[in-house]
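Enquirer: Need a 3D model of the sequence below.
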Amino acid sequence: MVKRLDSPIYHCHNCKKIMSDVTELLFVEENSSRSFCSEECIDQYFSPMAKYYQEILYKLRDDLGIDEEYLSVHCDNVQLLNETCSRPNEMWHLENKIGDEVFVLINECDGFHHIVFCTLFNRAVSYIFLQTATSNPFILEQFRIGESVDDIDSFFSTDEISELEEMGINDDVLVELERKKSTYLAELMVDQLPSDIQMESFHLYEPFFEQCLEDPDEIYQFKDQEGDEVYSHIKACENNGQSFFYIIVFMTFSENEIVQALPIISVPTLDGSIVEKYRQGTRLMGSPVN
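Expert: Below is the predicted model of the structure:
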């Protein structure tokens, strides 16, 4: 990079690394310019706040004499975490005097409530300070902070769905697309290794979506477990020195002789076995990349 006084620069709010390309920045908060150079820096920056909130919860449980509710097993349930993060029954929003925001997502389950205390970016969970499960109504009430978000469905409705509606995609197709997305994500949760890129970090890799869709290294056409014809685009990528694969799985929709690609899921991964799962059927382009 040629250093010039008139060239805009950016910096990581944790390690202070200077960057010249805005596309290299990672964000985890709505309405904030606080940016980072890596997931490691994000974790280092927010972990003291996570510890602060966790200590409050530990003391609250200790004061009530219920430090163990034998519900912690639910916090290891990745499918439950995804459900709470994407379709909570309750949602609360707290903003401090300088505009920093935190959100609480509450999912009512059979005999208990699952709670996620987090930040959001692009209407998706981006950093989790803590998650817990409780059957105690007093503890539950402590997480109802700030203001309640009344229309949760509208809050989580994505620009992607709005664009599909504007394209004339009918409701039945949208419902089917959402159902397939849930199925594919549930399968991914089972297959993922703890060392792989986790779902709550997927949004950090969205800048690679367009290049994978338009310029993939490999394209495959196959029938999924439900017998529907789907396609997979696979591209080898690099970000801040880290090599990974980006995968897009999509189905097609034809209206008035115009064929549209409808993405089901997009997945960044370090795991070659995940990539192999989507290298099936007929290879339409490219050779497998290591």
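
Enquirer: OK, contacts around residue 101?
Expert: Residues counted as contacts of residue 101 (Cβ atoms under 8 Å, 6 or more residues apart in numbering) are 29, 30, 31, 32, 93, 94, 95, 119, 120. For the C-beta atoms, the positions are set from N, CA and C on the backbone; glycine is no exception.

Enquirer: cool, and residue 74?
Expert: Remark: with contacts taken as Cβ under 8 Å, 6+ apart, residue 74 is in contact with 80, 109, 112, 114, 133.

Enquirer: Inside helices: which ones of the residues you listed?
Expert: For the contacts of residue 74, the ones inside helices are residue 80, with DSSP state H as the criterion.

Enquirer: Please look at residue 209 and residue 250 and confirm they touch.
Expert: No - taking contacts as Cβ atoms under 8 Å, residue 209 lies outside contact range of residue 250: 11.1 Å.

Enquirer: Tell me the one among the contacts of residue 74 nearest to residue 236.
Expert: Closest approach between the contacts of residue 74 and residue 236, by Cβ to Cβ: residue 80, at 32.6 Å.

Enquirer: Give me the residue ranges of the stretch 1-150 of the chain where confidence is low.
Expert: Per-residue confidence of the stretch 1-150 of the chain (counting by pLDDT under 70) places the weak regions at 1-2, 68-73.

Enquirer: for it, what spans make up the helices?
Expert: Shown for the stretch 1-150 of the chain, the helices assigned by DSSP state H, counting those that start in this stretch span residues 39-64, 78-86, 137-142.

Enquirer: got the CA positions of the shortest one in CSV?
Expert: Think helix 137-142. Once non-C-alpha atoms are left out, helix 137-142 reads as follows in CSV (Å, rounded to 0.1, in the frame of the first residue of the first chain):
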residue,chain,number,x,y,z
PRO,A,137,-39.6,-16.8,36.5
PHE,A,138,-37.6,-14.3,38.5
ILE,A,139,-34.4,-15.0,36.4
LEU,A,140,-36.4,-14.8,33.2
GLU,A,141,-37.8,-11.4,34.3
GLN,A,142,-34.3,-10.0,34.8
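
Enquirer: what packs against that helix?
Expert: Taking 3 or more Cβ pairs under 8 Å, 6 or more residues apart in numbering; DSSP states H and E as contact, the helices and strands that helix 137-142 lies on are helix 39-64.

Enquirer: Against which helices or strands is the helix it packs on packed?
Expert: When contacts are defined as 3+ Cβ pairs under 8 Å, 6+ apart, helix 39-64 sits against strand 124-134, helix 137-142.

Enquirer: Which of those sits closest to residue 183?
Expert: Within those, the stretch nearest residue 183 is strand 124-134; the backing value is 19.0 Å (Cβ to Cβ).

Enquirer: Also compute the angle for that closest one relative to helix 78-86, please.
Expert: Going by axes from the mean of the first three to the mean of the last three Cα atoms, to 10 degrees, strand 124-134 is angled at 120 degrees with respect to helix 78-86.

Enquirer: Which strands or helices does strand 124-134 pack on?
Expert: Strand 124-134 makes packing contacts with helix 39-64, helix 78-86, strand 113-121 when contacts are defined by 3+ Cβ pairs under 8 Å, 6+ apart.

Enquirer: let's see 7 Å
Expert: helix 39-64, strand 113-121 (3 or more Cβ pairs under 7 Å, 6 or more residues apart in numbering; DSSP states H and E).

Enquirer: Max pairwise distance over the contacts of residue 74: which two?
Expert: 80 and 112 (10.4 Å).

Enquirer: Run through the bridge partners of residue 266.
Expert: Taking DSSP bridges, one finds residue 248 as the beta-bridge partners of residue 266.

Enquirer: who touches it in this structure?
Expert: Residues in contact with residue 266 (Cβ atoms under 7 Å, 6 or more residues apart in numbering) are 209, 247, 248.

Enquirer: what helix or strand is the first one on?
Expert: To tie it back to what came earlier, the one meant is residue 209. When elements are defined using DSSP states H and E, residue 209 is found to belong to helix 209-214.

Enquirer: Spatially central residue in the protein, please.
Expert: Within the chain, one residue has its C-alpha closest to the average C-alpha position: by Cα atoms, centre = their mean, that is residue 200, at 3.8 Å.
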